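Visitor: Have a look at this fold, sequence not included:
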């Protein structure tokens, strides 16, 4: 649900940005600001800056925004989740559907109560592992070669072989049965009367959110039996298709190493950590999804896929590589022997053998070409056509033109097809994709911008100097806004982020509130606006005077008139070619009027 602006503003004003950001970045004062190493890219010299308003900007990677954008980028969550997260930290009641507030004890499915139950269950499972009941589980983990430091690092636990162990513990702690059911900790009996523990006689892996809080659990059976892994159901705190096991623990290592290693299972991940590989994540008993890729893109654009060596594992690796390639990742795939998974391979070959396998990984598309060759006879025309069709689906979406052209050339070479034919086939796939996108766009009713974070960050430097300076003038001197708009109507401004912030300033005036950071950002939904605003606020420039601001407005207006004049000249040529004399006359009159206005400017 979308929260009302008044609630978002309350959360913003109740949050200490320096405390939140300081938990992630070691900030050092520099004048009236604080600086540190950017958490969103690897750097040795601090280029990450925060001011007293809580606006932050990295002058290295251009990321920036307010405290909500920081939480969104750091925790890989959406705006609504970021607002809710900060509200919970500040103890502010969160609005529910229908305008009610989420107060402790007010609702049977209070999110705070559910989170508290999960934290309590996490502590219970860990106590059980290290107590008398957990001896068999500890032996099982020791047999797998997992040392105590790794077990403690990931917070592994044990669910006793009892029907109501965690349930009775949590009921005694003051939680009710319905809260435990909503948290996914217990399951209702088939008779409908009463509940029982979902996890029993299993090693327990806590699944954590980006803040390190347990939101669900995964249980691995001790010994033989099915299912081998049993995960929490989807709940108000946990969505499988958006959650990667180990991401909380791996974030810093992913950032420092510059890539992520994807494995299939929890034990594979723990085994990697045991051998010093920390930048590892795993999907949770589900296929890798687009949402998983988007979440990883907040931390890196390079991925190595190392799934089980059997046919099922290699098929999953192919699907995963395809999704990552389609989301702009640089992908490599490690092919393990059919009898191994990463866990068993590590125990057999050790860290050196594992690193050797990593160094011998192949590119994602080379792996997919190999897989296509396993399914089709590439010596026959039909086999080549089938392979080309399946592979182009992954090659065409690659955004980098040089890289895409290189892969098209490589496909032609590997499949022994004329390069011209492969290029024609790629153009057909691309054209079909565009037509499909156009149909989707024509049906779309949302006014929200659909650009990705990486897209608007890449566009940040494309705002013209005149437009950014005009915006800076209004931010520094809100009282100039109406005069500047009289000189240059703001619809003449080309950059959507600048227009959105200027419109928000007008809304602040209409609402009778100050044109400050909080009031502006709570009234703007344009993607990238907060990053642009943070850069302008944090750039060290001399204050603008009225003459400079006026000249910017005049320049933008003049540019918009000349743009329109070029369009009219083209339309006049088209009207003459088509013999449309009436349209020619109308356009010529507009051209004369425009020329006079340009002269007056």
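Guide: Okay, I see it. Everything numeric here is computed off the predicted structure, so don't read it as measured data.
Visitor: packing partners for the top helix by length along the chain?
Guide: The helix spanning the most residues in the chain, taking DSSP state H as the definition, is helix 546-578. Applying 3 or more CB pairs under 8 Å, 6 or more residues apart in numbering; DSSP states H and E, we find helix 546-578 packed against helix 465-476, helix 481-487, helix 581-600. (C-beta placed from N, C-alpha, C; glycine too.)
Visitor: before we move on, which element is residue 338 in?
Guide: Taking DSSP states H and E as the definition, one finds residue 338 inside no helix or strand.
Visitor: and if you look at residue 282?
Guide: Judged by DSSP H and E, residue 282 forms part of strand 280-283.
Visitor: Need the contact partners of the following helix or strand past that strand.
Guide: Next along the chain after strand 280-283, taking DSSP H and E as the criterion, comes helix 290-296. For helix 290-296, contacts defined as CB atoms under 8 Å, 6 or more residues apart in numbering pick out 76, 241-242, 244, 247, 260, 281, 283, 303, 323-324, 326-327, 329, 452.
Visitor: List the buried residues for helix 290-296?
Guide: 291-293, 295-296 (16 or more other CB atoms under 10 Å).
Visitor: And that helix, how far out from the chain middle?
Guide: 6 Å (CA atoms, centre = their mean, to the nearest Å).
Visitor: cool, and stretch 473-480?
Guide: The answer for stretch 473-480 is 34 Å, by CA atoms, centre = their mean.
Visitor: Give me the distance between the two termini of it.
Guide: 8 Å (CA to CA, to the nearest Å).
Visitor: Begin at 436 from now on, thanks
Guide: Done: numbering now begins at 436, and the last item shifts to stretch 908-915.
Visitor: Now that stretch: buried residues?
Guide: 908-910, 912-913, 915.
Visitor: With stretch 840-857 instead?
Guide: For stretch 840-857, by 16+ other CB under 10 Å, it's 842-843, 845-847, 849-850, 852, 857.
Visitor: Let me have these in JSON lines, extended by distance to residue 699 and pLDDT.
Guide: Shown next, in JSON lines, are the buried residues of stretch 840-857 (distance: CB to CB, whole Å; pLDDT from 0 to 100):
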{"residue": "842", "distance to residue 699": "26", "pLDDT": "83"}
{"residue": "843", "distance to residue 699": "31", "pLDDT": "87"}
{"residue": "845", "distance to residue 699": "28", "pLDDT": "86"}
{"residue": "846", "distance to residue 699": "28", "pLDDT": "87"}
{"residue": "847", "distance to residue 699": "33", "pLDDT": "89"}
{"residue": "849", "distance to residue 699": "27", "pLDDT": "84"}
{"residue": "850", "distance to residue 699": "30", "pLDDT": "86"}
{"residue": "852", "distance to residue 699": "34", "pLDDT": "90"}
{"residue": "857", "distance to residue 699": "33", "pLDDT": "85"}
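Visitor: low-confidence ranges in the stretch 536-685 of the chain?
Guide: 536-544 (pLDDT under 70).
Visitor: can you do 90?
Guide: When residues are selected by pLDDT under 90, those of the stretch 536-685 of the chain lie in 536-547, 579, 625-628, 644-647, 658-664, 669, 671-672, 674-677.
Visitor: Okay, helices next: where are they in it?
Guide: 546-565, 570-578, 583-588, 600-607, 612-617, 682-692 (DSSP state H, counting those that start in this stretch).
Visitor: And the next helix or strand past the last one?
Guide: From helix 682-692 onward toward the C-terminus, using DSSP H and E, the following helix or strand is strand 695-697.
Visitor: List the pairing partners of that next one within its sheet, with orientation.
Guide: If you go by DSSP bridges, strand 695-697 pairs up with strand 715-718 (parallel), strand 737-740 (parallel).
Visitor: in it, what's buried?
Guide: So strand 695-697, judged by 16+ other CB under 10 Å, has buried residues 695-697.
Visitor: Please apply the same query to stretch 754-767.
Guide: Those would be 755-762, 764-767, for stretch 754-767 by 16+ other CB under 10 Å.
Visitor: can you list contacts of that stretch?
Guide: 697, 722-725, 727-729, 731-732, 736-740, 742, 768, 796-800, 802-803, 828-829, 832-834, 889.
Visitor: now the residues you listed: which count as buried?
Guide: 697, 723-724, 727-728, 731-732, 736, 738-740, 742, 768, 796, 798-800, 802-803, 829, 832-833.
Visitor: Distance to residue 569 and mean pLDDT for the strands paired with strand 695-697 - can I get that in JSON lines?
Guide: Converted to JSON lines, those look like this (distance: least, CB to CB, whole Å; pLDDT from 0 to 100):
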{"stretch": "strand 715-718", "distance to residue 569": "23", "mean pLDDT": "96"}
{"stretch": "strand 737-740", "distance to residue 569": "34", "mean pLDDT": "96"}
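Visitor: Out of those strands, the one nearest residue 923 is which?
Guide: For those, the distance to residue 923 is smallest for strand 737-740, at 43.8 Å, taking CB to CB.
Visitor: residues near residue 516, how many?
Guide: Neighbours of residue 516 under the rule other CB atoms under 10 Å: 16.
Visitor: What residues of the helix or strand containing it count as buried?
Guide: Applying DSSP H and E as the criterion places residue 516 in helix 514-525. Neighbour counts over helix 514-525 (16+ other CB under 10 Å) mark 516-524 as buried.
Visitor: how far away is the most centrally placed residue in the chain from residue 699?
Guide: Geometric centre of the chain, nearest residue: residue 730, 3.8 Å, by CA atoms, centre = their mean. Separation of residue 730 from residue 699 (CB to CB, to the nearest Å) stands at 17 Å.
Visitor: likewise residue 525?
Guide: Relative to residue 699, and taking CB to CB, residue 525 is found at 39 Å.
Visitor: Show me the domain layout of this structure.
Guide: 440-537, 542-673, 678-755+772-795, 811-870, 897-989, 993-1035 (automatic domain parsing).
Visitor: what about the stretch 786-935 of the chain, any weak spots by pLDDT?
Guide: Those would be 800-801, 803-805, 807-851, 853-900, 903, 910-911, 921, 923-927, 929-932, if you go by pLDDT under 90 across the stretch 786-935 of the chain.
Visitor: Pick the most deeply packed of the helices of the stretch 536-685 of the chain.
Guide: Among the helices of the stretch 536-685 of the chain, ranked by average contacts under mean count of other CB atoms under 10 Å, first place goes to helix 546-565 (a mean of 20).
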